[in-house]
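# This is the structure alone, sequence omitted:
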């Protein structure tokens, strides 16, 4: 085998590896970085902030355009009885755009979600990637600060370098997490570390959460089970709305407020104000007639 054929074979293998990574549960919206040469000191450049006309949401627009072109049987992507079986399922899965999440974010923001976040501002977002959600919030006048542990070449907003440790300086802000965990690179949960560092009162979670997921595990691919248990232990949910989602995810935005504690005898109980309790009536379209 000559050198050219070997190079082509290596390239195909690398592309296949990249595709496998994309099809898994990527959880932090990170853009590809240019590799710097070893043994050469390079000065870190400030990320280039992309131009964007105020009031626009190109991710949502592209999402709508893409989903409108989906074939009718895309809704049956995960149906075991899909006509055409696994061959058709593979073709449908290939139609899902993987470049949009990498370019923008792993969840699609809409006006309702952004307005809800604005109500609970100011906001600090950890593991914000290229800062697309932050840019949408800034355009609405929300006081948003974003941090990520990786430096971006290009970003949608001014993303600062840092992780959960910075939260000690921002306890008065609502903590926002949008697909923060990436268990392909590390089994450590950034979200869990954030919760341990955060002493504020409001957590905004964006992505999948128990029981809203298509994954075999009930907590989904956004944050760890330990994080979700700890969040439910110390906070109570006051808002939950669905987000525009691809057929391969069940994304929603939820807002959690820190719960107060009280004691009766030796038993510790949580106090949740009546006006902060969620409506317990939940029905699907197939059972709505029952209530």
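Yep, that arrived. All values reported here derive from a predicted model rather than from experimental measurement. Numbers count the residues shown, from 1 in each chain.
# only C-alpha atoms for contact and neighbour calcs from this point on.
OK.
# dump the residue contacts of residue 51.
For residue 51, the contact set (C-alpha atoms under 8 Å, 6 or more residues apart in numbering) comprises residue 156.
# so which helix or strand takes in it?
Under the criterion DSSP states H and E, no helix or strand holds residue 51.
# Please shift the residue numbers so they start at 215 in all later answers.
Got it, first residue is 215 now, which makes that one residue 265.
# Pull the number of nearby residues for residue 272.
A count of nearby residues for residue 272, using other C-alpha atoms under 10 Å, gives 12.
# do residue 352 as well
16.
# Roughly how far does it sit from residue 423?
Applying C-alpha to C-alpha, to the nearest Å, the value for residue 352 to residue 423 is 26 Å.
# With adjacent residues omitted, what lies nearest to residue 363?
Nearest non-adjacent residue to residue 363, counting by C-alpha to C-alpha, 6 or more residues apart in numbering: residue 376, 5.0 Å away.
# And the pLDDT at that neighbour?
The score at residue 376 is 95. That number is its pLDDT.
# For it, list the residues it contacts.
361-364.
# could the residues you listed go into JSON lines alongside pLDDT?
JSON lines is the format used below for these (pLDDT from 0 to 100):
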{"residue": "361", "pLDDT": "97"}
{"residue": "362", "pLDDT": "95"}
{"residue": "363", "pLDDT": "92"}
{"residue": "364", "pLDDT": "89"}
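# Looks to me like residue 348 is in a helix.
Yes - assessed with DSSP: H, G, I helix; E, B strand; the rest coil, residue 348 lies in a helix.
# Number of residues surrounding it?
Applying other C-alpha under 10 Å, we find 26 residues neighbouring residue 348.
# could you measure it against residue 316, distance?
Distance, residue 348 to residue 316, using C-alpha to C-alpha: 15 Å.
# ok, now residue 412?
From residue 412 to residue 316 the distance is 28 Å (C-alpha to C-alpha).
# And the strands in the stretch 365-505 of the chain?
Along the stretch 365-505 of the chain, counting by DSSP state E, counting those that start in this stretch, strands occupy 368-369, 373-375, 388-392, 416-421, 449-456, 466-472, 474-478, 481-485.
# Direction included, what does the fifth one pair up with?
Take DSSP bridges as the rule and strand 449-456 pairs in its sheet with strand 466-472 (antiparallel).
# before we move on, back to that, could you check which of residue 412 and residue 316 has the larger neighbour count?
Per other C-alpha under 10 Å, whichever of residue 412 and residue 316 has more neighbours is residue 412, with 23 against 18.
# Redo the strands of the stretch 365-505 of the chain as CSV? Include mean neighbour count.
Formatted as CSV, the strands of the stretch 365-505 of the chain follow (neighbours: other C-alpha atoms under 10 Å):
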stretch, mean neighbour count
strand 368-369, 21
strand 373-375, 21
strand 388-392, 26
strand 416-421, 25
strand 449-456, 18
strand 466-472, 22
strand 474-478, 10
strand 481-485, 11
